[in-house]
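S.K.: Output the structure for:
(chains A and B)
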Amino acid sequence: MMRKENMVILKKSPIAQDTIEMVLENKYISNTAVPGQFLHLQLKGHMLRRPISISQVDEHAETVTILFKVVGSGTKELASYPIGNSIDVLGPSGNGFPLEPKANSTILIIGGGIGVPPLYYLARKLKEQQVNIVSVLGFQTKESVFYEEKFAELGRTIIVTNDGSYGRKGFVTNVLDDVSSIDCYYSCGPLPMLQAITAQMAGKHGYISLEERMGCGVGACFACVIPTDDCGGYKKICKDGPVFPAQEVQLV
Amino acid sequence: MSLAIELPGLSLKNPIMPASGCFGFGREYSQFYDLNKLGAIVMKAATMEPRFGNPTPRVAETAAGMLNAIGLQNPGVSSIIENEVPFLASFSTPIIANIAGSTLEEYVEVAKAFNEAGDVTALELNISCPNVKEGGIQFGTDPKMAAKVTERVKKASNLPVYVKLSPNVSDIGTMAKAVELAGADGLSMINTLTGMQMHLSAKRPLLANKTGGLSGPAIKPVAIRMIYEVKKQVNIPIIGMGGVVNAEDALEFLLAGASAVAVGTANFQNPYVCIEIIEQLPKTLAAYGFNSVNDAIGKGICS
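M.R.: Numbers count the residues shown, from 1 in each chain, chains lettered A, B, ... in the order given. Modelled structure (predicted):
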C-alpha cells in the first residue's frame, strides 16, 4: 500500500547523457515495492508531483534506485538536490508487472530510452525465478545508452540506437524478429514504440508500462486515463497501471 | 474551540471539505485518513450518462498552479448512486453531490436521481465547468440561464442547492444575485479560470483540449476578491475555494465572507492537506483573536 514517506538521497550519479541515477533510502518503500511501481515525488516550487519508476530495490540496504532524464523544470530541480537531502514521496504507487513466468520459460524485455529503468528491477526478479531473459534496449544515440552490462549479466542483450552510433542501427522493432520463441514480453518506452511493439507482437502474451502527465497520482483526479475500448471503458494509469496486459488498453 | 458551522441543510463539524473533482469519490483518500474528520465530502461531478471526458494530456503544471481539462469524466449518476454513495454514506460526514449537464433537462434529471436516492445531503450545481463543449459554462455566464437552471433544480429536489459560480464572467455579483433570487440556498465559488499553456517543442497547446481550468495558489487572490464582492451583495452563505493550501488561507477566505472552505489542487500535492488544515485551524483562529469559525466570517469586509 502506498504511503507518504520521506526518502533520503544516498547516492547520485550521471549515468548517461542528461540521465541521473539516484539511490534513495526508505525502509517501508524498499520493503514493499514490486517491479513496475513508481514513486510520486514532491519537488520544491512545483504544484504537481513527478512520477518516476523504480529501477532497483535493495531490501537489505533499504534503498530504492531511480533513473530519470533531465528534460524539464521538475527533473532539473530533482537533479539539483544534494546527497543527504530528504524528498517527500508517495509510494510505492500503482500496480507492477506480474511475476508469473515459470522457471526455464523465456521472456523478452523491450525497453526504450527512459522506459528501460523499471524493466531492470523486473529482469532481476525474474532471474531469481530462473526465467531466461532476452533484452532488447533502444536508445537515441551512443551517449544515451545505460545499463547494458547490468542487463547482459541477466541474459542475452541487444542494444539498438536510432542513429546507429552504438549497437545495431534503427528501432527496437527492427530486431524483434531475430529473437526466437518467447513465452511473454514486457515493454516500457515512448508511446510510438509501444504502439509498434504491440502491433508486431499481436497474439503474444505481454505487458506494457505506460506514462502520462499525472495530477494526484492516487486515482482521484482522472488526469491519466487510457481507453480500454470504444465504448467509454477506461483505466487509470496511476492507480490501475502503470502496467497493463498489452491487449487491455488502446494506445491512441 | 468550536469549528462547527451551520449552513442551509448542512451541519458541518468543521468548515473544511475537499473540492469537487479533486477527491474523486473519496475512496483513494480514505486510505490516507478517516473521512469522518472532514466537514463534508464533495463528490466529482455527475452527469446523466457516463462520460469519458477529454483526450490526454489533461493536466499541465503552471507557476503556482495547474491547468486541467478532464472534461467531466464520470460513470453517470445511476452508477454513482449504486457504487459510490453507499461507501461515502458509511461515514458520518455530509455528502454534497456536484451535478452537471449539457441541457436544462439533464440537470433536473440528475438532481432528481440524487434526491430520490437518499444519503446525499446537498447539491452543488456545477454551471461553471470550462472544459466541456456544450452546456456547463453557458449556464454559468448568462444570469438568466443560471437563474433558470437553479429554479428548475430547486423544484426538482428537496435538497439544498449550492450554485458553483464561474470566475470567467465580467460581473460575478450579477450572477450571484440572479441565482439567489432563483432560490439558491448558497453559493460555491470559485471554479477554475480558463487558461492555456503552449508546449514549446510541439509548438501547440499542451493540453489536448487546448484550454483548461487554472487552479491552485495562483488563483487565490481572484477567489478572495470575488467572494468579498459577492458577500456584500447577497444574503446566502458562500463555500469558498481557490488555491487554499493551509489554515491561514482558509482564514483569509472566512474573512472575505466565506462560511466554509473547500480545498482542491492542494490534495494532489499533500493527500493529508484537508485534515492538517482542520487540525491547525483552531490555533490559527485563536492567533488572530477569533473564538470560533462563525466569529471570523466576513470580518475582513470594510464598509
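
S.K.: For the residue in the stretch 1-150 of chain B positioned nearest to chain A, which non-adjacent residue is spatially closest?
M.R.: When scored by C-beta to the nearest C-beta, the stretch 1-150 of chain B has residue B:24 as its residue closest to chain A, at 3.6 Å. (Each C-beta comes from the backbone N, C-alpha and C, glycine too.) Excluding its sequence neighbours, the residue lying closest to residue B:24 (C-beta to C-beta, 6 or more residues apart in numbering or on different chains) is residue A:220, at 3.6 Å.

S.K.: ok, now residue A:35?
M.R.: Spatially, and ignoring its direct neighbours in sequence, residue A:35 is nearest to residue A:122 (3.8 Å; C-beta to C-beta, 6+ apart).

S.K.: list the contacts for that neighbour?
M.R.: Counting by C-beta atoms under 8 Å, 6 or more residues apart in numbering or on different chains, residue A:122 touches A:35, A:36, A:96, A:97, A:99, A:109, A:186.

S.K.: The first one reaches residue A:94, doesn't it?
M.R.: In other words, residue A:35. No - contact criterion C-beta atoms under 8 Å: residue A:35 and residue A:94 do not qualify, at 11.2 Å.

S.K.: same for the helix or strand where residue B:113 lies, what does it pack against?
M.R.: In this assignment (DSSP states H and E), residue B:113 forms part of helix B:104-117. Under the contact criterion of 3 or more C-beta pairs under 8 Å, 6 or more residues apart in numbering or on different chains; DSSP states H and E, helix B:104-117 touches helix B:77-79, strand B:95-99, strand B:122-126, helix B:143-156.

S.K.: ok so, going back, need phi/psi at the residue of the stretch 1-150 of chain B closest to chain A.
M.R.: Phi and psi for residue B:24, reported as degrees, to the nearest 10, are phi 50, psi -130.

S.K.: and it, what is it in contact with?
M.R.: Contact analysis of residue B:24 by C-beta under 8 Å, 6+ apart lists A:219, A:220, A:221, A:222, B:44.

S.K.: What of residue A:155?
M.R.: Residues in contact with residue A:155 (C-beta under 8 Å, 6+ apart) are A:123, A:127, A:132, A:133, A:134, A:135.

S.K.: again, but for residue A:243
M.R.: A:36, A:94, A:95, A:96, A:97, A:98, A:207, A:208, A:209, A:210.

S.K.: go with 7 Å
M.R.: For residue A:243, the contact set (C-beta atoms under 7 Å, 6 or more residues apart in numbering or on different chains) comprises A:36, A:95, A:96, A:97, A:207, A:209.

S.K.: of all these, which comes closest to chain B?
M.R.: Distance to chain B, by C-beta to the nearest C-beta, is smallest for residue A:95 among those, at 14.0 Å.

S.K.: Checking the residue nearest to that closest one when sequence neighbours are not counted next. Helix, strand or coil?
M.R.: Nearest non-adjacent residue to residue A:95, counting by C-beta to C-beta, 6+ apart: residue A:243, 5.9 Å away. Under DSSP: H, G, I helix; E, B strand; the rest coil, the three-state class of residue A:243 is strand.

S.K.: about what we covered before: only the buried residues of the host helix or strand of the residue nearest to residue A:35, if you could.
M.R.: Element membership of residue A:122, judged by DSSP H and E, is helix A:117-128. Across helix A:117-128, burial judged by 16 or more other C-beta atoms under 10 Å in any protein chain shown covers A:117, A:118, A:119, A:120, A:121, A:122, A:123, A:124, A:125, A:126.

S.K.: Convert it to CSV, retaining C-alpha atoms only.
M.R.: Extracted C-alpha coordinates of helix A:117-128, given in CSV (Å, rounded to 0.1, in the frame of the first residue of the first chain):
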residue,chain,number,x,y,z
PRO,A,117,14.7,1.5,-15.8
PRO,A,118,11.6,-0.3,-14.5
LEU,A,119,12.5,-3.3,-16.7
TYR,A,120,15.8,-3.7,-14.8
TYR,A,121,14.1,-4.4,-11.5
LEU,A,122,11.7,-6.7,-13.3
ALA,A,123,14.5,-8.6,-15.0
ARG,A,124,16.4,-9.1,-11.7
LYS,A,125,13.3,-10.5,-10.0
LEU,A,126,12.5,-12.9,-12.9
LYS,A,127,16.2,-14.0,-13.0
GLU,A,128,15.7,-15.1,-9.3
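
S.K.: next helix or strand past it?
M.R.: strand A:132-139.

S.K.: for the record, mean pLDDT for the following helix or strand past that next one?
M.R.: Counting by DSSP H and E, the next helix or strand C-terminal to strand A:132-139 is helix A:148-152. Per-residue pLDDT over helix A:148-152 has a mean of 97.

S.K.: Determine how far helix A:148-152 lies from the middle of the whole chain.
M.R.: Centre-to-centre, helix A:148-152 and its host chain are 16 Å apart (C-alpha atoms, centre = their mean, to the nearest Å).

S.K.: Pull the residues that contact it.
M.R.: For helix A:148-152, the external contacting residues (C-beta under 7 Å, 6+ apart) are A:120, A:123, A:135, A:137, A:157, A:159.

S.K.: now those as a markdown table including pLDDT?
M.R.: Output for the contacts of helix A:148-152, formatted as a markdown table (pLDDT from 0 to 100):
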| residue | pLDDT |
| --- | --- |
| A:120 | 98 |
| A:123 | 97 |
| A:135 | 96 |
| A:137 | 97 |
| A:157 | 96 |
| A:159 | 96 |
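
S.K.: so residue A:11 sits in a strand?
M.R.: Yes - counting by three-state DSSP, residue A:11 is found in a strand.

S.K.: isn't it right up against residue A:23?
M.R.: Yes - with contacts defined as C-beta atoms under 7 Å, residue A:11 counts as touching residue A:23 at a distance of 3.9 Å.

S.K.: So for these two, which sits in the more crowded spot?
M.R.: The residue with more neighbours, out of residue A:11 and residue A:23, is residue A:23; 20 against 12, by other C-beta atoms under 10 Å in any protein chain shown.

S.K.: and that one, bridged to which residues?
M.R.: Bridge pairing for residue A:23 (DSSP bridges) gives the partners residue A:11, residue A:65.

S.K.: Can you name the residue of the stretch 101-250 of chain A nearest chain B?
M.R.: Residue of the stretch 101-250 of chain A nearest chain B, by C-beta to the nearest C-beta: residue A:220 (3.6 Å).

S.K.: any idea how far residue B:98 is from the residue in the stretch 101-250 of chain B that chain A sits nearest to?
M.R.: Of the residues in the stretch 101-250 of chain B, the one nearest chain A is residue B:216, at a distance of 5.2 Å by C-beta to the nearest C-beta. Residue B:216 sits 19 Å away from residue B:98, going by C-beta to C-beta, to the nearest Å.

S.K.: Could you do residue B:23 as well?
M.R.: 10 Å.

S.K.: Give me the nearest residue to the residue nearest the centre of chain A, chain neighbours excluded.
M.R.: With distances taken as C-alpha atoms, centre = their mean, chain A has residue A:118 as the residue nearest its mean C-alpha position (2.9 Å). Excluding the flanking residues, the one nearest residue A:118 by C-beta to C-beta, 6+ apart is residue A:53, at 3.9 Å.
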